[in-house]
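Visitor: can you look at this prediction? I've put the sequence above it.
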Amino acid sequence: MQQVEHASLDRVETSHLLRGITPSGFARIEKDIVPMQHGAVTMLADAAAAGVAVHVCSANWSSEWIRRWLDVAADAVHGIHSNDLVLDNAGVATGGLQRSIVSAADKLRCFEALRQERPHVPGRDEHATVFVGDAIADVSALCAADIGVVIGDNRLLRAALRCADIETLLPLRDVCNANGAQPGVYVAADWQELRTSLLDVVQ
């Protein structure tokens, strides 16, 4: 899959699709044509307000677009880890991409690095890591997290999880209680369900 994903970005670069635009212009274009998942921004903002160190790890082409998408949650997020436009000295896109997060292996590498850097919280001996994903490139990090949460019903992602011997995904809302949830990979129908379930687990 990694070769396929890089080949896709090769085509974007050779087509010069991104040449001549600025990060802010790119953000405006993407915000118009890419549908946002309802409830995601509210969930991330509420998690940050509850003391969770929130990071966004994305294969998107531009961290600037992600900041625009995060809107009110942008200042609360600890870090955005993604690809970026290559800019010339005038700040205009050359058409190239700085590739950082392309494959499942890249997302896992990013997640593991963040796990090592997680801050100590006074009064807690340890701190659960949570990874939320909805695409096949998320499978490795979902499996590596203490609590992995699949959003929605991506069939390719479900198939990849079965290859990792995860046959059944229990709803996160059904396993959360006062003691949190056991380590594993769960499913939430949408960000609102995730919000009402996950914040009880991580606090």
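Guide: Sure, I can see it. Residues are numbered from 1 along each chain as shown.

Visitor: would you mind measuring from the closest residue to Ala59 other than its chain neighbours to Arg109?
Guide: Sequence neighbours aside, Ile101 is the residue nearest to Ala59 in space, at 5.1 Å (criterion: CB to CB, 6 or more residues apart in numbering). C-beta: built from backbone N, CA, C; applies to glycine. Distance check for Ile101 against Arg109: by CB to CB, to the nearest Å, it reads 9 Å.

Visitor: those two - which one has more neighbours?
Guide: Ranked by neighbour count (other CB atoms under 10 Å), Ile101 and Arg109 place Ile101 first, with 21 against 17.

Visitor: how far away is the more buried one from His16?
Guide: 22 Å.

Visitor: next: Gln182.
Guide: Where His16 is concerned, Gln182 sits at a distance of 50 Å (CB to CB).

Visitor: now do Leu70
Guide: 28 Å.

Visitor: for Thr129, same thing?
Guide: For Thr129, the distance to His16 - CB to CB - is 39 Å.

Visitor: ok, which stretches of this structure are helices?
Guide: Taking DSSP state H to define them, one finds helices in the chain at 2-14, 23-33, 40-49, 63-70, 104-117, 139-144, 155-163, 172-175, 191-202.

Visitor: where in the protein is pLDDT low?
Guide: Scanning the chain for pLDDT under 70 picks out 1, 23-24, 26-36, 119-126, 177-180, 200-203.

Visitor: list the contacts for the residue nearest the centre of the chain?
Guide: Centrality entry for the chain: nearest residue to the mean C-alpha point is Cys57, 4.1 Å, by CA atoms, centre = their mean. When contacts are counted by CB atoms under 8 Å, 6 or more residues apart in numbering, Cys57 touches His81, Ser82, Ile101, Lys107, Cys110, Phe111, Leu114, Ala141.

Visitor: more neighbours, Leu70 and His16?
Guide: More neighbours surround Leu70 than the other of Leu70 and His16, with 19 against 12 (other CB under 10 Å).

Visitor: which residues does that one contact?
Guide: Contacts of Leu70 (CB under 8 Å, 6+ apart): Val41, Leu44, Val56, Val77, Ile80.

Visitor: ok, the residue nearest to His16 when sequence neighbours are not counted - contacts?
Guide: Leaving aside its sequence neighbours, His16 sits nearest to Gly95 (CB to CB, 6+ apart; 4.5 Å). Counting by CB under 8 Å, 6+ apart, Gly95 makes contact with Glu13, His16, Leu17, Leu18, Arg19, Gly20, Val86.

Visitor: burial count for Cys110?
Guide: Cys110 has 19 nearby residues by other CB under 10 Å.

Visitor: over to Pro183?
Guide: Pro183 has 11 neighbours, counted by other CB under 10 Å.

Visitor: same check on Arg155?
Guide: 8.

Visitor: any idea how far Ala135 is from it?
Guide: According to CB to CB, Arg155 and Ala135 sit 11 Å apart.

Visitor: overlap in contacts, the two.
Guide: Contacts common to Arg155 and Ala135, judged by CB under 8 Å, 6+ apart, are absent.

Visitor: OK, contacts around the closest residue to Ser100 other than its chain neighbours?
Guide: Using CB to CB, 6+ apart and skipping residues adjacent in sequence, the residue nearest Ser100 is Asn83, 5.4 Å away. Listed by CB under 8 Å, 6+ apart, the contact set of Asn83 reads Leu9, Ala59, Asn60, Trp61, Ser62, Ser63, Leu97, Gln98, Arg99, Ser100, Ile101, Val102.
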